[in-house]
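S.K.: no FASTA, just this:
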């Protein structure tokens, strides 16, 4: 039996619950559904507190992923669970089956997956914590890279030789961002991507220093 930290979970299309799972009894499912009816439709994460429990929701492209957790479990583990089931659900039903599935029709297929992810998140809190930290670091680096690219778009025109160097730098950053998007669901790859992006920032900093030290009227 799953420890009573993650108690109940479901996936819904709008207000139609497609799959759900719990090993416990109580009225948490009715409260979770009441909260679902009041959720904004925008893509986001939401958490409500009630009677020592948190009702956590991840809304993404018309689907809602929910987990009811004991308040003592904090927020990190429930949110990690929601992200895991979202990725699994999209991978399994992204071709369109979920778009027309009747209520509770995916219980047999996806209910065991909810249980599996519950057990993993409850039994590996340290790994969940490490992964969350790496994702935060990678997101920060991505933000810096995109900000620098936007600044470059708005920058004044530079001599041709300097503009060529800047374009190469921007292209390398875009390539890093694409690589990162393809890796962000794998813990080991995330660590490697984080290290790679840090090295990229060092190279970019050296390039900027070189540009500042060389006059604009450099003759080639």
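M.R.: Alright, I've got the coordinates. Only a predicted model underlies this, so the values are computations on that prediction, with no experimental measurement involved.
S.K.: do a quick rundown of the helices in this protein.
M.R.: For the chain, applying DSSP state H gives helices covering 28-38, 76-93, 97-100, 107-123, 125-154, 160-183, 187-213.
S.K.: only the buried residues of the third one, if you could.
M.R.: In this case it means helix 97-100. residue 98 (16 or more other C-beta atoms under 10 Å). Using the backbone N, CA and C atoms, a C-beta is placed for each residue, glycine as well.
S.K.: mean confidence for stretch 72-81?
M.R.: Averaged over stretch 72-81, pLDDT sits at 90.
S.K.: for stretch 109-129, same thing?
M.R.: 89.
S.K.: pLDDT score assigned to residue 142?
M.R.: 57.
S.K.: what do you get for residue 13?
M.R.: Per-residue confidence (pLDDT) for residue 13: 96.
S.K.: residue 168 now?
M.R.: pLDDT at residue 168 comes out at 56.
S.K.: also residue 85?
M.R.: 96.
S.K.: surely it is in contact with residue 10?
M.R.: No. Residue 85 sits out of contact with residue 10 when judged by C-beta atoms under 8 Å, with a separation of 9.6 Å.
S.K.: who does residue 22 form a beta bridge with?
M.R.: With DSSP bridges as the criterion, residue 22 is bridged to residue 8.
S.K.: number of nearby residues for it?
M.R.: 20 (other C-beta atoms under 10 Å).
S.K.: how far away is residue 78 from residue 29?
M.R.: 16 Å (C-beta to C-beta, to the nearest Å).
S.K.: any regions of this protein where pLDDT drops low?
M.R.: Flagging of the chain using pLDDT under 70 yields the residue ranges 1-4, 132-198, 214-220.
S.K.: make it 80
M.R.: By pLDDT under 80, the weakly predicted segments of the chain are 1-4, 95, 128-220.
S.K.: related to what we said a few turns ago, looking at residue 78 and residue 29, which is more packed in?
M.R.: When neighbours are counted by other C-beta under 10 Å, residue 78 and residue 29 differ, and residue 78 comes out ahead with 27 against 19.
S.K.: tell me which residues touch that one, please.
M.R.: 6, 47, 54, 56, 67, 69 (C-beta atoms under 8 Å, 6 or more residues apart in numbering).
S.K.: only whichever of these are buried, select them in PyMOL.
M.R.: Buried residues within the contacts of residue 78, by 16+ other C-beta under 10 Å, are selected in PyMOL with:
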select buried, resi 6+54+56+67+69
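S.K.: restricted to strands, list the contacts of residue 78.
M.R.: Judged by DSSP state E, strands contain the following of these: 6, 47, 54, 56, 67, 69.
S.K.: generate TSV for these, with distance to residue 99 as supplementary columns.
M.R.: Shown next, in TSV, are the ones in strands among the contacts of residue 78 (distance: C-beta to C-beta, whole Å):
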residue	distance to residue 99
6	27
47	27
54	29
56	24
67	23
69	28
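S.K.: tell me the two of these that are most distant?
M.R.: Maximum pairwise distance among the ones in strands among the contacts of residue 78 (C-beta to C-beta): 13.7 Å, between 6 and 47.
S.K.: which neighbours do residue 85 and residue 10 share?
M.R.: Common neighbours of residue 85 and residue 10 are listed as 65, 114 (criterion: C-beta under 8 Å, 6+ apart).
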